[in-house]
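Enquirer: pasting the sequence and the predicted coordinates here, then a few questions.
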Amino acid sequence: MATALESMDHEVATAATGEEAMQELRKASYQVVFLDLKLQQENGLDVLGEILGVAPNAAVVILTAYASVDTAVEAMRRGAFDYLPKPCTPDQVRQLLARISHMRQLESRVVELESRLSAEFPEVELHSDSPLMQQALNIAAKAAASEATVLITGESGTGKSVLARAMHAHSPRAAAPFITVSCPSLSRELLESELFGHVKGSFTGAYSDAIGKVAAAEGGTLFLDEIGDLPVEIQAKLLRLLQEREYERIGNPRAQRANVRVIAATNREISRAVAEGRFREDLYYRLNVINIAIPPLRDRTIDLRHIAERLLEFFAGRSGKKIEGFSDEAVRAMQAYPWPGNLRELRNVIERAVILGVGNRIELADLADLAQPKDDFRIGGRATLAQVENEHIRLVLANSRTIDEAAQVLGIDPATLYRRKKKL
């Protein structure tokens, strides 16, 4: 084995006993350990635990002439990377090492992506001095450890997806995927395919099989964002997924089993949609096992300064600027502003202030629209209908993710809104 590995240009050390192996692993770092199951006086499975204790990042491969499924399962359960029966060929070893190398590359890529994400977004802090927000966080903390379906409600920009991701991170499913489906983002046909998958040729444009996001979330959490916009035709299929843990891919009548935990979120009053016949009552009760209501930012102004200072620290660090804080005038303006776009709007305002500001603290003049008098645009104030309408359209656009979403809020056609946006 050592000769075969050296011929593949690897550096190799050997040990005849578990104790010798421990001494070698304490002296140097090894990426792969080939461990025989039958040692002279020791059981390889027992030595496996010692190896992983000393070298937790090493990929341990069990080798044995006593090949059996039970032994393989037990080795993997205890943390082995893989299992090879003896005698094995150099080609088998080479293929195994290629898989280990590929896995290492994927792990490095994940670390890189996580690093880039942490550089792009401030760290989530699930702390609040607001009684309303504390209540929501307490419910989320208790629900995270359960398998119950959760419905998170709140206005756009309040952090519903952030809370859902935090619940997943504190759940027994944390090591498995967290998969998001944006319900209003696609047509009914495409949304059904994205959720449940399809087989090649099942509809126009289905050039290959697709497993769907339910399968991608296997063992983890499926987050259904803006569930209130889910088309009625798909609601029955989602109900089956929640009740029976089964679904069907488009074009394949064979039922697929699903092991996923569902968290849904909405900024709409689903109970009203139920009363109007736009949302299935039975699905609503299945989703609403545990309800978490996130208050808007205007109802938790006690947290506003702390959140703003964290965002300021993050954006100042990212831009390489030394900014000490906010002026008293800027703080008063932020606390008086209603924040219709909630945390998302606050983030955008502070990022802009950091980029465009010139002093060593944020002044009122740096806070974009907060520094402009709002009296002219107050309902009943001295403003024309055109001014009020234009200001309302601008704010809705600023706090919507897509033109379609903004058009839904405004109750107009997306094409009409696009023309108004271009004119504005």
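Expert: Arrived safely, thanks for sending. As the structure is a prediction and not an experimental result, all values here were calculated from the model.
Enquirer: give me the number of residues near the closest residue to Ile355 other than its chain neighbours?
Expert: Ranked by Cβ to Cβ, 6 or more residues apart in numbering and with sequence neighbours excluded, the top spatial neighbour of Ile355 is Ser319, at 6.4 Å. Heads up, the C-betas are built off the backbone N, CA and C, glycines and all. Ser319 is flanked by 12 other residues according to other Cβ atoms under 10 Å.
Enquirer: then the one 5 residues further on?
Expert: Neighbours of Glu324 under the rule other Cβ under 10 Å: 11.
Enquirer: how's the chain carved up into domains?
Expert: For the chain, automatic domain parsing gives the domain ranges 2-116, 131-295, 373-424.
Enquirer: tell me the most buried of the ones you listed?
Expert: domain 131-295 (a mean of 17; mean count of other Cβ atoms under 10 Å).
Enquirer: next, the distance between the ends of that one.
Expert: Across domain 131-295, the terminal residues are separated by 10 Å (Cα to Cα, to the nearest Å).
Enquirer: and that domain, how far out from the chain's middle?
Expert: Centre-to-centre, domain 131-295 and its host chain are 13 Å apart (Cα atoms, centre = their mean, to the nearest Å).
Enquirer: which residue ranges of the stretch 201-350 of the chain form helices?
Expert: Per DSSP state H, counting those that start in this stretch, the stretch 201-350 of the chain carries helices over the ranges 213-216, 232-244, 270-275, 281-287, 304-319, 328-336, 342-356.
Enquirer: which strands and helices sit next to the first one?
Expert: For helix 213-216, the packing partners by 3 or more Cβ pairs under 8 Å, 6 or more residues apart in numbering; DSSP states H and E come out as strand 178-182, helix 188-196.
Enquirer: next: the fifth one.
Expert: The elements that helix 304-319 packs onto, with contact taken as 3+ Cβ pairs under 8 Å, 6+ apart, are helix 328-336, helix 342-356.
Enquirer: next, the angle from the helix or strand just after the longest one to helix 342-356.
Expert: For helix 342-356, the succeeding helix or strand toward the C-terminus, using DSSP states H and E, is helix 385-398. Note on geometry: by axes from the mean of the first three to the mean of the last three Cα atoms, to 10 degrees, helix 385-398 and helix 342-356 are set 90 degrees apart in direction.
Enquirer: so what touches helix 385-398?
Expert: Contact partners of helix 385-398, identified using Cβ atoms under 8 Å, 6 or more residues apart in numbering, comprise 340-341, 345, 348, 376-377, 379, 403, 406, 409-410, 417, 420-421, 424.
Enquirer: rounded mean pLDDT for it, please.
Expert: Per-residue pLDDT values over helix 385-398 give a mean of 79.
Enquirer: cool, and stretch 206-223?
Expert: pLDDT averaged over stretch 206-223 gives 87.
Enquirer: please begin residue numbering at 39 from this point
Expert: Sure, I'll start numbering at 39, so the last one becomes stretch 244-261.
Enquirer: quick one: closest of the helices and strands packed on helix 342-357 to Glu319.
Expert: Closest to Glu319 of the helices and strands packed on helix 342-357 is helix 380-394 (Cβ to Cβ; 29.2 Å).
Enquirer: buried sites along the closest one?
Expert: Asn380, Leu381, Arg382, Glu383, Leu384, Arg385, Asn386, Val387, Ile388, Glu389, Ala391, Val392 (16 or more other Cβ atoms under 10 Å).
Enquirer: pick out whichever of these sits closest to Leu335.
Expert: Asn380 (4.5 Å).
Enquirer: how close does the nearest residue to that closest one once chain neighbours are set aside sit to Asn329?
Expert: Nearest residue to Asn380, sequence neighbours excluded (Cβ to Cβ, 6+ apart): Gly195, at 3.5 Å. For Gly195, the distance to Asn329 (Cβ to Cβ, to the nearest Å) stands at 19 Å.
Enquirer: with Arg147 instead?
Expert: From Arg147 to Asn329 the distance is 37 Å (Cβ to Cβ).
Enquirer: if we can go back for a sec, to Met372, which of the domains of the chain lies closest?
Expert: domain 411-462 (13.4 Å).
Enquirer: gap between the closest one and the chain center?
Expert: 31 Å.
Enquirer: where does the stretch 89-238 of the chain dip in pLDDT?
Expert: 104-107, 146, 149-163 (pLDDT under 70).
Enquirer: how long is stretch 220-229 from one end to the other?
Expert: Note: stretch 220-229 ends 9 Å apart using Cα to Cα.
Enquirer: what's that stretch in contact with?
Expert: Taking Cβ under 8 Å, 6+ apart as the rule, stretch 220-229 contacts 219, 232, 241, 262-269, 271-272, 440, 442-443, 446.
Enquirer: do that again at 10 Å, thanks
Expert: 199, 219, 230-233, 236, 241-243, 261-272, 276, 288, 302-304, 439-440, 442-443, 446 (Cβ atoms under 10 Å, 6 or more residues apart in numbering).
Enquirer: can you check stretch 211-218 too?
Expert: 182, 185, 199, 202-203, 205-207, 209, 250-263, 297-299, 301, 303.
Enquirer: ok so, going back, and of the helices and strands packed on helix 251-254, who's closest to Ala421?
Expert: Per Cβ to Cβ, nearest to Ala421 of the helices and strands packed on helix 251-254: strand 216-220, 35.1 Å.
Enquirer: and the angle from the closest one to helix 226-234?
Expert: 170 degrees.
Enquirer: run me through the strand neighbours of strand 216-220, direction for each.
Expert: strand 259-263 (parallel) (DSSP bridges).
Enquirer: how about the strand it pairs with as PDB, C-alpha atoms only?
Expert: The C-alpha trace of strand 259-263 is given here as PDB (Å, rounded to 0.1, in the frame of the first residue of the first chain):
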ATOM      1  CA  THR A 259     -35.300  22.800   5.900                       C
ATOM      2  CA  LEU A 260     -37.500  24.000   3.000                       C
ATOM      3  CA  PHE A 261     -38.300  27.700   3.400                       C
ATOM      4  CA  LEU A 262     -41.300  28.900   1.500                       C
ATOM      5  CA  ASP A 263     -41.000  32.700   1.200                       C
END
